[in-house]
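Asker: Got a sequence here, can you model it:
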Amino acid sequence: MKKHLIIFAGLICFSLVLFPQTKEPEKIELSLMDCVLTVLKDNLEIAVLSYEPEIAEFSIKQAKDIYWPKLNLGYSNFNYNYLTNWAVQGTNYVDRTLRYNFGVKQKIITGGELEISLLTQSSDTTRALTTINPNYRGELSLNFTQPILKGFGTKVNTIDINKAKNLRDISVIGLKSNLVQKVYELEEVYWNLVYSLENLKVYEMTLNQNRERLQQVKEAERVGAKSSLEVLRTETEVANYENSVLAGQTQVEMFQDRLKSLLNFSTETEELKSIIPTDMPSLEKIDISFEEALQTAYIESPEMEKYMKEIKNVKLEVAFQKNQILPQLDLSASLWFPGQSGDILIFKDNNPYTGIVVDKIKGSRMDSFKDVFDFKYRNWYVTLNLNIPLESLLSRSSLAKAKLEEEKKLLEREKIEKDIYYNVREAFKELNNREKQIDTATRYRELTEKRMKAEEERYNLGLVGNEWLFQYQRDLAQAKVSEIKAHIDYRIAVAKLERIMGVNLKNKKIQYKQFVF
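Answerer: Predicted coordinates for the structure are as follows:
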């Protein structure tokens, strides 16, 4: 006995090795909103596009960089040794100069430029006849330049910033468009998966009913109450529904795979997971008129938003090119305050030709700054410079090109408006038709159920053969499937209309800008 048990256990182990048990797929229950949030979070295409607005944001910062002040620090040290042909100065003399300067330059939004600078310089020399040595010099200067015609104005000088902002907005709109499309694709796949599962349930239930009926018919044939022909008909019907169940399973697997792809499931583990939708199509119908849907689409549609931003950019370019054909008239103004100090040399008999210094009145660098900041010596000038380039008078190709781009964009916008109109009208008609199909499919299913019950009673009384029963059973199964399909098609039609209107994210209370990095 013990020997037999050992042999039996060995056979079991051997069979487990040859025929390993398949692991039951892990069932993951997900609502439609769970899937939407997962797609928006984990979809690789969205992840890539979410970087575009951030990249565009840096383009705006680059365009603004020209308005940062520019600092200028300078240091110069000169040492010159000169030959001379004037006997009084000797054969040569040496000049030494040390200079420091600091300045700030700022471009202003009207196109002009403002600069303020401060300079200090010290110099000494061996040259004869010099009355101040060393010499200290300081200067405060303010310079301003401003174009009056070409290049004047905030619109002209902020064109790169405004264009960059519009391009940033276009990249955000592109992300929104992708999100809107992905949500629609997800809803379509999700509801089709719900339909395929419900469709499979109907055929599995009908298959089980026919299998039970087959057992009953076979038992009735054994006792002589039914013929072998009825057994054959029942077996045929069972085989038909087995084929329908297999086709339904294939359809479920197809939509499962499509949903897993959208949810970015790992390819290594997706075979071990089975998604079970928890939402069923709502019987609630949306209440919106065609005019309301159309106006919403004109405002919210990503395609329309994109073209409106592109039109803004071409209008900016037209305005810029109009300014560029104007003559160049520049205003320049400068105001500066010099100061000077140093050691004043007192020569014998007040005659520098003697070369004999008998005294010295000390000066300093700070004395030169005192003159500067007391504004003791005021100097200024104002100039106007007019430049008329011939190309602005004879050739306006850049402006003509910009205007053609504007006309092109306006025509494209008109085309988009027409496309939106026809797309909304088509989606609205489809929505109304799907709504009517729900009513007709429900009524047809209810009537088919009544006919099926009546036919079962007649069959149980022996008034009809099972071929009639099977026909009504097929009709009832198809009616149930059609009713489910009508509800699913209505939800998909709603999703399609929301996509065209560009409101499926808003209706789900999703702020698409949160997906921008």
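
Asker: Tell me where the stretch 1-150 of the chain has helices.
Answerer: 2-18, 32-42, 44-49, 51-64 (DSSP state H, counting those that start in this stretch).

Asker: From the contact counts, what lies against the second one?
Answerer: So that's helix 32-42. Here helix 32-42 touches helix 159-222, helix 228-262, going by 3 or more C-beta pairs under 8 Å, 6 or more residues apart in numbering; DSSP states H and E. Quick note: C-beta positions are derived from backbone N, CA and C, even for glycine.

Asker: 6 Å - rerun?
Answerer: helix 159-222 (3 or more C-beta pairs under 6 Å, 6 or more residues apart in numbering; DSSP states H and E).

Asker: Now do the helix it packs on against helix 228-262, angle only.
Answerer: Between helix 159-222 and helix 228-262, the angle comes out at 160 degrees (axes from the mean of the first three to the mean of the last three C-alpha atoms, to 10 degrees).

Asker: who does helix 159-222 touch, helix- and strand-wise?
Answerer: Using 3+ C-beta pairs under 6 Å, 6+ apart: helix 159-222 touches helix 32-42, helix 51-64, helix 228-262, helix 302-324, helix 466-501, helix 504-507.

Asker: ranking the ones you listed by burial, who's on top?
Answerer: helix 466-501 (a mean of 21; mean count of other C-beta atoms under 10 Å).

Asker: mind checking which of the helices and strands packed on helix 159-222 is nearest Glu188?
Answerer: Proximity to Glu188 (C-beta to C-beta) singles out helix 466-501 among those, at 5.4 Å.

Asker: Which neighbouring elements make contact with the closest one?
Answerer: helix 159-222, helix 228-262, helix 290-300, helix 397-460.

Asker: List the buried residues of the third one.
Answerer: By that I understand helix 290-300. Neighbour-count burial for helix 290-300, counted by 16 or more other C-beta atoms under 10 Å, picks out 293-294, 296-298, 300.

Asker: Tell me, please, where in the stretch 351-500 of the chain the pLDDT is lower than the cut-off.
Answerer: 392-395, 459, 461-470, 472 (pLDDT under 70).

Asker: State the distance from Gln295 to Ile416.
Answerer: Taking C-beta to C-beta, to the nearest Å as the measure, Gln295 falls 15 Å from Ile416.

Asker: What of Tyr298?
Answerer: 9 Å.

Asker: next one: Val172
Answerer: Val172 is 18 Å from Ile416, by C-beta to C-beta.

Asker: Domain map for this structure?
Answerer: 23-59+160-316+407-515, 72-107+112-149+330-387 (automatic domain parsing).

Asker: Could you identify the longest strand within the protein?
Answerer: strand 328-347 (DSSP state E).

Asker: Centre of the chain to it, how far?
Answerer: 56 Å (C-alpha atoms, centre = their mean, to the nearest Å).

Asker: what does stretch 57-76 give?
Answerer: On C-alpha atoms, centre = their mean, the centre of stretch 57-76 falls 28 Å from the chain's centre.

Asker: Rounded mean pLDDT for it, please.
Answerer: Stretch 57-76 carries an average pLDDT of 92.

Asker: sorry, back to before: could you dump the helices and strands packed on helix 159-222 into JSON lines and include distance to Glu113?
Answerer: Shown next, in JSON lines, are these (distance: least, C-beta to C-beta, whole Å):
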{"stretch": "helix 32-42", "distance to Glu113": "47"}
{"stretch": "helix 51-64", "distance to Glu113": "16"}
{"stretch": "helix 228-262", "distance to Glu113": "55"}
{"stretch": "helix 302-324", "distance to Glu113": "18"}
{"stretch": "helix 466-501", "distance to Glu113": "49"}
{"stretch": "helix 504-507", "distance to Glu113": "46"}
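
Asker: re the thing from before, turn the buried residues of helix 290-300 into a markdown table, including pLDDT and distance to Pro389.
Answerer: Output for the buried residues of helix 290-300, formatted as a markdown table (pLDDT from 0 to 100; distance: C-beta to C-beta, whole Å):
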| residue | pLDDT | distance to Pro389 |
| --- | --- | --- |
| Ala293 | 92 | 53 |
| Leu294 | 93 | 49 |
| Thr296 | 93 | 50 |
| Ala297 | 93 | 47 |
| Tyr298 | 93 | 44 |
| Glu300 | 90 | 46 |
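
Asker: And the residues you listed, which is closest to Glu457?
Answerer: Once C-beta to C-beta is applied, the member of the buried residues of helix 290-300 that ends up nearest Glu457 is Ala293, at 49.0 Å.

Asker: Quick check, the closest one in contact with Val424.
Answerer: Yes. In this structure, Ala293 is within contact of Val424 by C-beta atoms under 6 Å, at 5.3 Å.

Asker: follow-up on the earlier one: higher neighbour count, Val172 and Ile416?
Answerer: Val172 (24 against 17; other C-beta atoms under 10 Å).

Asker: With adjacent residues omitted, what lies nearest to the more buried one?
Answerer: Pro53 (4.8 Å; C-beta to C-beta, 6 or more residues apart in numbering).

Asker: what about Ser341, distance to Leu129?
Answerer: Taken as C-beta to C-beta, the span from Ser341 to Leu129 is 20 Å.

Asker: Could you check which of these two is surrounded by more residues?
Answerer: Set Ser341 next to Leu129 and count neighbours by other C-beta under 10 Å: Ser341 wins out with 22 against 12.

Asker: rewinding a little: can you redo the buried residues of helix 290-300 as CSV with distance to Tyr203?
Answerer: Below are the buried residues of helix 290-300 laid out as CSV (distance: C-beta to C-beta, whole Å):
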residue, distance to Tyr203
Ala293, 37
Leu294, 41
Thr296, 40
Ala297, 39
Tyr298, 45
Glu300, 41
